[in-house]
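> the sequence isn't on hand, but the structure is:
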């Protein structure tokens, strides 16, 4: 084989490899998009079935159909966050299964398995993926912008079988996955007061919201690169 033939053969092989890589990338993107589309359809159907009326969730039917459902959440100014909140016996299941129990790249919004109640525990944590298409908690990073906080009012709503509860955000942070911010199970109000004061002091900006150990707190958590974005709020109504 001449040098020219070797070069031509090398170019041909490189072209084949490049074409294979392009096809693989296209297939991966198509698979991801199909996953997003499927998840979007599932959650839209859930909204139509159980949350069709404004400020009203049919919890009787929802919990009967999906026993893992413990609440529903919406966030002021972020229409994309409008989901049932699920709970399993661990914090892994709903990372890859949706609210109906089907395998899903989006997973579900879910309550920490260590929590007994989203609205009665002193501190409850709700998780969801940070999806590239803005679904799940993909828009939660809007809270990193203080202007968004001020314009939206920094509020979210948790609906449960017991009632409707409003929460005011008091802290926004980027933390390590092992950060103390993920502590739950508080029983001592003094210890809890020190904890929430630390949350407020560590916020990326001052929300101006006062919080104490007498407040009930819900924290929303999602991925932010290799770290986590957490948005902590105190109950103000309900």
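Yep, that arrived. Owing to the predicted nature of the structure, the values given are computational and were not obtained by experimental measurement.
> what's the longest strand in the chain?
With DSSP state E setting the assignment, residue counts place strand 163-175 as the longest strand in the chain.
> give me the most central residue, this protein.
Residue closest to the mean C-alpha point of the chain, counted by C-alpha atoms, centre = their mean, is residue 128 at 2.5 Å.
> could you list every residue that touches it?
With contact set as C-beta atoms under 8 Å, 6 or more residues apart in numbering, residue 128 has these partners: 83, 107-110, 136-137, 140, 220-222. For every residue, glycine as well, the C-beta is placed using N, CA and C.
> got the buried residues for stretch 179-188?
When burial is assessed from 16 or more other C-beta atoms under 10 Å, stretch 179-188 yields the following buried residues: 181-182, 184, 186.
> where in the protein is pLDDT low?
1-38, 54 (pLDDT under 70).
> can you give me the strands in it?
Using DSSP E, the strands assigned to the chain run over residues 69-75, 78-86, 109-111, 123-127, 155-160, 163-175, 217-224, 227-237.
> ok so, going back, pull up the pairing partners for the longest strand of the chain, direction included.
In its sheet, strand 163-175 lies beside strand 155-160 (antiparallel), strand 227-237 (antiparallel), with partners assigned from DSSP bridges.
> including mean neighbour count and distance to residue 117, could the ones you listed go into CSV?
As requested, the strands paired with strand 163-175 are exported to CSV (neighbours: other C-beta atoms under 10 Å; distance: least, C-beta to C-beta, whole Å):
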stretch, mean neighbour count, distance to residue 117
strand 155-160, 21, 8
strand 227-237, 20, 12
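> out of those strands, which comes closest to residue 175?
Across the strands paired with strand 163-175, residue 175 has its closest neighbour in strand 227-237 (5.4 Å, C-beta to C-beta).
> how far is the closest one from where the chain is centred?
Taking the mean C-alpha point of strand 227-237 and that of its whole chain, the gap between them comes to 12 Å (C-alpha atoms, centre = their mean, to the nearest Å).
> what comes into contact with it?
Residues outside strand 227-237 that contact it (C-beta under 8 Å, 6+ apart): 119, 130, 140-141, 143-144, 154-156, 165-177, 179, 181, 196, 199, 209, 211, 215-223.
> now swap in stretch 134-152 and tell me
With C-beta under 8 Å, 6+ apart as the test, stretch 134-152 has contacts from 36, 39-40, 43, 75-78, 80-81, 83, 106-107, 109, 127-132, 154, 169, 172, 174, 204-205, 207, 220-222, 224, 229, 231.
> pull out the buried residues from the residues you listed.
Listed as buried from these are 36, 39, 43, 75-78, 80-81, 83, 106-107, 109, 127-131, 154, 169, 172, 207, 220-222, 224, 229, 231; burial here means 16+ other C-beta under 10 Å.
> which residues of the chain fall in helices?
In the chain, the segments counted as helices under DSSP state H are 3-50, 59-65, 93-96, 146-152, 189-201.
> may I see the buried residues of the fourth one?
What it means is helix 146-152. By neighbour count on 16+ other C-beta under 10 Å, the buried set for helix 146-152 is 149, 152.
> now the third one
In terms of neighbour count (16+ other C-beta under 10 Å), helix 93-96 has its buried residues at 93-95.
> now, which of the residues you listed sits nearest residue 56?
Among those, and counting by C-beta to C-beta, the member closest to residue 56 is residue 94, at 24.3 Å.
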